[in-house]
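Novice: model this:
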Amino acid sequence: MLYQVVESNKNAFNAGSKATADITSIAEKMNFKPLYVHHIEAKNNIFSKIVNQIRYFFEWSQLYKEVEDNSVILLQHPFRNRQCNREKNILKLKERKNVKVISLIHDIEELRNSVYNEHNRSEFEFMVRVADQFIVHNSKMKEWLKDKGVGESKIVILEIFDYLSDSPINEKNFANNIIIAGNLDLSKSAYLGEIQNVSNLNFDLYGVNYKNNASPNIAYHGAFKPEELSEQFTSGFGLVWDGTSIDTCDGNTGNYLRYNNPHKLSLYISSGVPVVIWKEAALATFVKEKGIGLCVNSLTECAELISNMSKDQYDEICSRVNEESIKLRSGFYSKRALEEALRRIQNI
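Specialist: Just a heads-up that it's a prediction; the model follows:
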């Protein structure tokens, strides 16, 4: 029997919730039965937090009873909230019911290093302890896990996150426009404070926490739900960038691109948009091999490459992007990784 633990948070409205929801949907179509653990955003008082923990205690106890012997259970890591009775019951499932665990990793906080704390350290160590198979973003993350002592035979590479969608793909127009979608908070992505200094590029911004940066080459279009975004993109390139500078990706968030598969890249490809990505990012290899965008050292270099590009060259890139879009919209990469993890577990 196949199961998956699903953290249910109805208040979630961000790319992260889209990523986990898509994995849940893809796994369910593969007959992973959802087992729900509900979270309600606690008000800033002790009573609300206690109520949540009581709910966790009973839901994890019920979850343990429901799972059959010799089953496989999919966990999406990391769990974002402390949950009373979770670790105890996962260990009981492994020890008493011979349950195998697939851990699909969304983030590794030690690598991101912006909110790494005792909870995140403990969460990672427990994941390594219980997982029989890991699904990781890419080869760079795989090598990092191997350095942490995880055996190569336990690691499956996802390659890229899928992005389920049935929204129509608009035909893209060639233009020197750069799309930036996501959290526009300058404290998270300080490079946004410098984009007005990039000559020969126009920037189309979509997302939350935008602070007005009056400049003729910047247009803010508002915040949209994930399923609504693709219809907004009509031209140009989607940017995968982070850090403090337009000249390189630096700092904790910039360095994380060396290991992470940013979900916004999947958003762009699913929407039929060619991408621009930092040349040292882990996913730059994927972009180059698939021929679906530009790999650059700086945004100034990006402007130069686009200025020397023809419409025919842009249309050829769009054609290859659309081929990949079909895969991402259907869950191709997640399904392939889950199938490989199951095959390996069956051979244990």
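
Novice: what about residue 176, which SS state?
Specialist: strand (DSSP: H, G, I helix; E, B strand; the rest coil).

Novice: neighbours of it, just the number please.
Specialist: Burial measure for residue 176: 16 neighbouring residues, criterion other C-beta atoms under 10 Å. In short, each C-beta sits where N, CA and C put it, glycine included.

Novice: residue contacts, it?
Specialist: The neighbours of residue 176, taking C-beta atoms under 8 Å, 6 or more residues apart in numbering as the test, are 200, 201, 202, 236, 303, 306, 307.

Novice: redo that, cut-off 10 Å
Specialist: The contact partners of residue 176, taken as C-beta atoms under 10 Å, 6 or more residues apart in numbering, are 200, 201, 202, 217, 235, 236, 237, 302, 303, 306, 307, 309.

Novice: Farthest-apart pair in those, please.
Specialist: Maximum pairwise distance in those, criterion C-beta to C-beta, is 18.2 Å, between 217 and 309.

Novice: need the helices for this structure, in chain order.
Specialist: 15-29, 46-66, 86-97, 109-112, 118-130, 139-147, 226-229, 251-256, 263-270, 284-290, 299-307, 311-330, 332-346 (DSSP state H).

Novice: deepest of those helices, which one?
Specialist: A comparison of the helices of the chain by mean neighbour count, using mean count of other C-beta atoms under 10 Å, puts helix 263-270 on top with a mean of 27.

Novice: Select, out of the helices of the chain, the one closest to residue 241.
Specialist: Closest to residue 241 of the helices of the chain is helix 299-307 (C-beta to C-beta; 7.2 Å).

Novice: Need the CA coordinates for the closest one. CSV is fine.
Specialist: What follows is helix 299-307, C-alpha atoms only, in CSV (Å, rounded to 0.1, in the frame of the first residue of the first chain):
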residue,chain,number,x,y,z
LEU,A,299,22.3,41.1,-15.8
THR,A,300,24.4,43.4,-17.9
GLU,A,301,25.6,40.4,-19.9
CYS,A,302,22.0,39.4,-20.2
ALA,A,303,21.1,42.7,-21.8
GLU,A,304,24.0,42.3,-24.3
LEU,A,305,22.9,38.7,-25.3
ILE,A,306,19.3,39.7,-25.8
SER,A,307,20.3,42.8,-27.9
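
Novice: packing partners for it?
Specialist: Under the contact criterion of 3 or more C-beta pairs under 10 Å, 6 or more residues apart in numbering; DSSP states H and E, helix 299-307 touches strand 173-181, strand 235-240, strand 275-278, strand 293-296.
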